[in-house]
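> Provided below are the primary sequence and the corresponding predicted coordinates.
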Amino acid sequence: MPIFAKSAIATGNGHFVLDEIAISDPGPDEVIVKMKAAGLCHTDYDSLSWGKPIVMGHEGAGVVMRTGVSVDDLLEGDAVILNWATPCMTCFQCQEGNQHLCERNSPVVAGGNGYTPGHAHLEGSQWKDRPIERSFNLGTLSEYALVKQSALVRIEQGEVNFSAASIVSCGVMTGYGSVVSAAKVPAGSSVVVLGCGGVGLNVIQAADLSGAAMIIAIDVKESKLQLARQFGATDVILADQADEGLLRAAEQVKAMCGNRGADYAFECTAIPALGAAPLAMVRNAGTAVQVSGIEQDITIDMRLFEWDKIYINPLYGKCRPQIDFPKLMQLYRQGKLKLDEMITREYALDELQQAFDDMLAGRNAKGVVVF
């Protein structure tokens, strides 16, 4: 028997509508989740222009409502975090330990190189009597979401509020994992973070948890730098928007780091023109990390690589959901991982346009839609 769910639907031409979708009974390995909260990020706004109708949203947490006949580890009423990198555990990359790069299920890499938003299972969701894709195979900006069993990680009821849990599934994991799993920042290191939005703040607190001795936050907004200090930044630099490639800011970083540059620098701005900026911040043999997922063509002065510098572009913080999410929840329970403090404002689904406006204006560290 189908469920009708009020949902945010990107129309593909830069706009969205709020309308009902019909969700059919779950398949053998599927689960229907009653959504409690959905985090918002720039990818959700980008989905407005993916050229096709799509149920929006890829961060979220909720409660299991129905399960397919083959689902044996989740029960009705279980609290869950939704995860868009659903590993098959049998392909080459999963066997290599790269579950976030699953060659069969990833909406980013499956089926070939490059970004294929949606890469969705069309079965199960309909809008206006036609199948409709779900963003990143989830579609969390909806009262109900139909997802694969492998897209869910169970959490203990009461250990976390759903708004906080919802942001773990992308922004928190991406920032934290880029530091801990991708760059493997050791204690005593010097770290630079470019951009202090939601992802950047998680890079900062992960660097702090890793024992970094110096964490330099860079942003063009004083308010974000104040927030960066709350999340563990030891030093801040207020950048000038006219500073091309942040080269003047890089000189300040070098002066603060023994005139050689930092050990690690993380780009979290999603601004293509700053894709090479972390290379200017790190010392010889330092590591630059491009966290925000820039995919446009950019020009890089190869002299920025001199000498022996490493530049990496990890996906989703190298997420292994069933391993990493419980670790993040444990840090949260211990008061070491700030989640509640990151949420600037909660919105109803009817306030989605306001939520996007606030996000684009930089008024929020993180906005969350609650159901």
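In hand now; what should we look at? Numbers count the residues shown, from 1 in each chain.

> how deep is A361 tucked in, by neighbour count?
If you count neighbours by other Cβ atoms under 10 Å, A361 ends up with 8. All C-beta atoms are positioned from the backbone trio N, CA, C, and that covers glycine.

> same thing with G27?
For G27, using other Cβ under 10 Å, the count is 17.

> Please apply the same query to L227.
22.

> show me what contacts E20?
F4, A5, K6, S7, W127 (Cβ atoms under 8 Å, 6 or more residues apart in numbering).

> For the stretch 51-200 of the chain, which segments count as strands?
54-55, 60-67, 79-82, 125-127, 130-131, 133-134, 144-148, 152-155, 190-194 (DSSP state E, counting those that start in this stretch).

> Helices of the stretch 201-350 of the chain, start to end?
222-230, 247-256, 277-281, 321-333 (DSSP state H, counting those that start in this stretch).

> Please identify the deepest-packed of those.
helix 277-281 (a mean of 27; mean count of other Cβ atoms under 10 Å).

> three-state assignment of G12?
coil (DSSP: H, G, I helix; E, B strand; the rest coil).

> Wait, it touches G51, no?
Yes: at 4.8 Å, G12 counts as touching G51 under the criterion of Cβ atoms under 8 Å.

> more neighbours, the two?
Legend: neighbour count by other Cβ under 10 Å for G12 and G51, higher for G12 (15 against 11).

> Find me the pLDDT at the more buried one, would you?
We have a pLDDT of 91 for G12.

> ok, and which of the strands of the stretch 51-200 of the chain has the densest surroundings?
Buried most deeply of these, by mean count of other Cβ under 10 Å, is strand 190-194, with a mean of 32.

> and that strand, average pLDDT?
The average pLDDT for strand 190-194 rounds to 98.

> Show me what it packs onto, helices and strands only.
helix 198-209, strand 214-219, strand 262-267, helix 277-281 (3 or more Cβ pairs under 8 Å, 6 or more residues apart in numbering; DSSP states H and E).

> would you list the ones you listed in CSV and tack on mean pLDDT and distance to F356?
Output for these, formatted as CSV (pLDDT from 0 to 100; distance: least, Cβ to Cβ, whole Å):
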stretch, mean pLDDT, distance to F356
helix 198-209, 97, 14
strand 214-219, 98, 21
strand 262-267, 98, 23
helix 277-281, 97, 26
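
> Which of the ones you listed sits closest to K148?
When those are compared by Cβ to Cβ, helix 198-209 sits nearest K148, at 25.1 Å.

> on contacts alone, who are the packing partners of the closest one?
By 3+ Cβ pairs under 8 Å, 6+ apart, helix 198-209 packs against helix 173-177, strand 190-194, strand 214-219, helix 222-230, strand 262-267.

> try 7 Å
Applying 3 or more Cβ pairs under 7 Å, 6 or more residues apart in numbering; DSSP states H and E, we find helix 198-209 packed against helix 173-177, strand 190-194, strand 214-219, helix 222-230.

> For F136, find the nearest of the ones you listed.
Taking the helices and strands packed on helix 198-209 one by one with Cβ to Cβ, helix 173-177 is closest: 13.0 Å.

> Check what contacts that closest one and list those residues.
Contact partners of helix 173-177, identified using Cβ atoms under 7 Å, 6 or more residues apart in numbering, comprise V199, G200, N202, V203, A206, V291, Y316, G317, K318, C319, D324, L328.

> again, but for stretch 210-227
By Cβ under 7 Å, 6+ apart, stretch 210-227 touches 179-180, 185, 187-196, 201, 204, 207-208, 228, 232-239, 241, 246, 249, 253, 256, 262, 362, 365.

> Please, a PyMOL command that selects the buried ones among the residues you listed?
PyMOL command restricting the contacts of stretch 210-227 to the buried ones, with burial defined by 16 or more other Cβ atoms under 10 Å:
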select buried, resi 179+180+185+189+190+191+192+193+194+195+196+201+204+207+208+228+232+233+234+235+236+237+239+246+249+253+256+262+365
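
> thinking again about what came up before, quick one: which of the contacts of helix 173-177 has the most company?
So for those (other Cβ under 10 Å), the most neighbours sit at V203, 35 neighbours.

> thought that one was touching C268?
Yes: using Cβ atoms under 7 Å, V203 is in contact with C268, at 5.9 Å.

> shared neighbours, the two?
In contact with both V203 and C268: V193, V291, using Cβ under 7 Å, 6+ apart.

> pLDDT on stretch 70-82, on average?
On average, stretch 70-82 scores 94.

> Can I get the helices and strands packed on helix 198-209 in CSV including distance to D72?
Below are these laid out as CSV (distance: least, Cβ to Cβ, whole Å):
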stretch, distance to D72
helix 173-177, 26
strand 190-194, 42
strand 214-219, 44
helix 222-230, 42
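
> Looking at these, which is nearest to I132?
Taking the helices and strands packed on helix 198-209 one by one with Cβ to Cβ, helix 173-177 is closest: 26.3 Å.

> Report the buried residues of that closest one.
M173, T174, G175, Y176, G177.

> ok, so what distance separates the fourth one from L209?
Applying Cβ to Cβ, to the nearest Å, the value for Y176 to L209 is 8 Å.
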